[in-house]
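> Everything below, folded, please.
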Amino acid sequence: MNVGERGVCPAAGDSRFTGINNGENADRYCWRIAGTFCECEVQGGVAKKTVSCSKCDFFLLVVDEEGSDLTL
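Numbers count the residues shown, from 1 in each chain. From the prediction side, this is the model:
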């Protein structure tokens, strides 16, 4: 979504995190990646994202699905 305007989200292309939380690249670990595209805006650094990510529906879904195996 909006790739033409912003480019590819950093979480989508960061292969260092493949396998974390059963994801490909950082797609299920996006809260630990600076500059992701959330709520139609580029997010800041990881420290600034902590509050907004903890309220994110996707983050909460991953937490629920991964249970005790969740990697924060």
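> which one is the residue most central in space within the chain nearest to, not counting chain neighbours?
Residue closest to the average C-alpha location in the chain (CA atoms, centre = their mean): Cys30, at 1.5 Å. Nearest non-adjacent residue to Cys30, counting by CB to CB, 6 or more residues apart in numbering: Ala11, 3.9 Å away. For every residue, glycine as well, the C-beta is placed using N, CA and C.
> How about the secondary structure of that neighbour?
helix (DSSP: H, G, I helix; E, B strand; the rest coil).
> one step back: list the contacts of the residue nearest to the centre of the chain.
Cys9, Ala11, Thr36, Cys38, Cys53, Phe58, Phe59 (CB atoms under 8 Å, 6 or more residues apart in numbering).
> now with 10 Å?
9-12, 14, 17, 21, 23, 36-38, 43, 49, 53, 56, 58-59, 62 (CB atoms under 10 Å, 6 or more residues apart in numbering).
> With Val63 instead?
Contacts of Val63 (CB under 10 Å, 6+ apart): Asn21, Ser54, Cys56, Leu70, Leu72.
> where in this protein is pLDDT low?
1-4 (pLDDT under 70).
> Break down it into its helices, ranges please.
For the chain, applying DSSP state H gives helices covering 3-6, 10-13, 46-54, 57-66.
> Single out the most deeply packed of these.
Highest mean neighbour count of those: helix 10-13, a mean of 17 (counted as mean count of other CB atoms under 10 Å).
> Pull the distance from it to the chain's centre.
8 Å (CA atoms, centre = their mean, to the nearest Å).
> can you give me the end-to-end distance of stretch 32-44?
Using CA to CA, to the nearest Å, one end of stretch 32-44 lies 11 Å from the other.
> buried set for that stretch?
Within stretch 32-44, the residues that count as buried by 16 or more other CB atoms under 10 Å are Arg32, Ile33, Thr36, Phe37, Cys38, Gln43.
> Wait, the third one touches Cys9, no?
Yes - the pair Thr36 and Cys9 qualifies as a contact (CB atoms under 10 Å) at a distance of 5.5 Å.
> Thanks again, I'm all set now.
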